[in-house]
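the following block contains a protein sequence and its predicted model.
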Amino acid sequence: MSGSEISLGRPGDFHVHLRDGAIKEIVTPTVREGGVSVAYVMPNLVPPVTSAERAAEYRASLEKLAPKTLFLMTLYLCPEVTPEVVRAAKAAGVSGVKCYPAGVTTNSEHGVSSYEQFYATFAEMERLDMVLNLHGECPSGADVHVLNAEERFLPTLRDLHARFPRLRIVLEHCTSEAAVNAVLECGPTVAATITAHHLYLTVDSWGGNAHNFCKPVAKLPSDRAALIRAAVSGNPKFFFGSDSAPHPLRNKAKGVGAAAGVYTQAYALPYVAEVFEAHGQLDKLRGFVTDFGKAFYKVADDQLPDQAQVTLVRQPQTIPATIGGPGDEAVVPFRAGETLAWSVQWK
């Protein structure tokens, strides 16, 4: 690493939404543009990915659009995902199962209301050494709201870890100091992803700005500070998962009821690098975006379809107002119109 270049090897993004249809064709190639070799793909499509066959079909469609990226696939936890389905998925190369509490985010209406019914599935995943990915929020209602929904979920994380101590669990897209502390309290089979946008945003950032609105929502400045401390700490329990979630402009437009999701894929590593640099921790960047996630998911470089490596160079670039299109079919990237200090080069 020098003052003008940072060698990052072959980074991974361990929480990616690539959608389906026309938007998939727009955003899938941008995973590599953002500096990522390995993409861990979320299954909340319509219909959701609930079988080995559907996962294989979806992966093939992504590989056609981006043949130099390794796509790791997940299933969507629902009653159809039985121990037998999990065994078939493991045999087909599926890496994990994503759990969405019912109704908390985009395309989560088929999600989980009770975890007990899945204990046999979790036990089989533990035996097969698969990963359980948790969207860590409780549904809103009574005294649960968007600002405390993650903290209210944390007893469930602790309970599942106690019941299945060898099951690899990832608490996805942490947004609170409480979540960071809960992950630190758990054993080595529990880790967490942290997004690029949650290293920037607070509650004031998304009130009135649909393009900064995501689930779980950004929270207090103290929570953001805790996320930054965890990301730059060099602790392998915390690694990069962008939760980049593209929506066409029409679904973010004022008056429609904004869809939840922030799109960061095309500039993922430059976003993160700016935060690490601002905190004097550029030497810790490679661990966060490359080493820790790949180690937790047991991804070896010889699995990758392309052996090129990423270097971030100090070369300013301006984020465009939109990508894709036309019109209200375009996607607005995070921090549109702003200038980033770093750019991605593949060597």
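Great, that's in hand. Residues are numbered from 1 along each chain as shown.

Gly234: neighbour count?
13 (other CB atoms under 10 Å). Quick note: C-beta positions are derived from backbone N, CA and C, even for glycine.

and it, helix, strand or coil?
coil (DSSP: H, G, I helix; E, B strand; the rest coil).

assign Leu184 to helix, strand or coil.
helix.

hmm, I was thinking of Asn181
Asn181 - assigned by three-state DSSP - is helix.

mind checking how far Arg286 is from His197?
With distances taken as CB to CB, to the nearest Å, Arg286 is found 21 Å from His197.

likewise for Arg229?
Counting by CB to CB, the gap from Arg229 to His197 is 17 Å.

please identify which of those two sits among more neighbours.
His197 (25 against 15).

quick check: pLDDT value at that one.
Looking at His197, its pLDDT reads 98.

residues contacting the residue nearest to it when sequence neighbours are not counted?
What sits nearest to His197 in space, not counting adjacent residues and going by CB to CB, 6 or more residues apart in numbering, is Val262, at 4.5 Å. Counting by CB atoms under 8 Å, 6 or more residues apart in numbering, Val262 makes contact with 195, 197, 201, 211-214, 243-245, 334.

closest one of those residues to Gly136?
Taking CB to CB as the measure, Gly136 sits nearest to Asp243 out of the contacts of Val262, at 11.9 Å.

now do the same contact list for the closest one.
With the criterion set at CB under 8 Å, 6+ apart, Asp243 makes contact with 15-17, 172-173, 193, 195, 197, 214, 261-262.

would you point out the most distant pair within those residues?
So, the contacts of Asp243 by CB to CB: farthest apart are Thr193 and Gly261, at 15.2 Å.

how about the helices in the stretch 1-150 of the chain?
Applying DSSP state H, counting those that start in this stretch to the stretch 1-150 of the chain gives helices spanning 22-27, 30-33, 52-65, 83-91, 119-128, 149-163.

out of the ones you listed, which gets nearest to Gly136?
Across these, closest to Gly136 is helix 149-163 (CB to CB), at 4.5 Å.

tell me the helices and strands packed up against that closest one.
Under the contact criterion of 3 or more CB pairs under 8 Å, 6 or more residues apart in numbering; DSSP states H and E, helix 149-163 touches helix 119-128, strand 131-134, strand 168-171, helix 177-185.

can I get the ones you listed in a markdown table with mean pLDDT, distance to Pro67 and mean neighbour count?
Below are the helices and strands packed on helix 149-163 laid out as a markdown table (pLDDT from 0 to 100; distance: least, CB to CB, whole Å; neighbours: other CB atoms under 10 Å):
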| stretch | mean pLDDT | distance to Pro67 | mean neighbour count |
| --- | --- | --- | --- |
| helix 119-128 | 98 | 28 | 18 |
| strand 131-134 | 98 | 25 | 25 |
| strand 168-171 | 98 | 27 | 25 |
| helix 177-185 | 98 | 35 | 19 |
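
minimum distance to Val31: which of the ones you listed has it?
strand 131-134 (17.8 Å).

so what touches that closest one?
Identification of contacts with strand 131-134 by CB under 8 Å, 6+ apart yields 15, 74, 95-99, 122, 125, 153, 156-157, 160, 164, 167-172, 297.

residue ranges for the strands of the stretch 151-300 of the chain, please.
Taking DSSP state E, counting those that start in this stretch, the strands of the stretch 151-300 of the chain run over residues 168-171, 190-194, 238-240.

coming back round to it: which of the contacts of Asp243 tops the neighbour count?
Neighbour counts for the contacts of Asp243, by other CB under 10 Å, peak at Thr195, which reaches 31 neighbours.

what's the closest of the strands of the stretch 151-300 of the chain to Leu340?
So among those, strand 238-240 is nearest, using CB to CB, at 16.4 Å.

that closest one pairs with which strands?
Partners of strand 238-240 in the sheet, by DSSP bridges, are strand 190-194 (parallel).

what's the angle from the partner strand to helix 149-163?
On the basis of axes from the mean of the first three to the mean of the last three CA atoms, to 10 degrees, strand 190-194 is oriented at 150 degrees to helix 149-163.

now strand 190-194: buried residues?
Buried residues in strand 190-194, counting neighbours by 16 or more other CB atoms under 10 Å, are found at 190-194.
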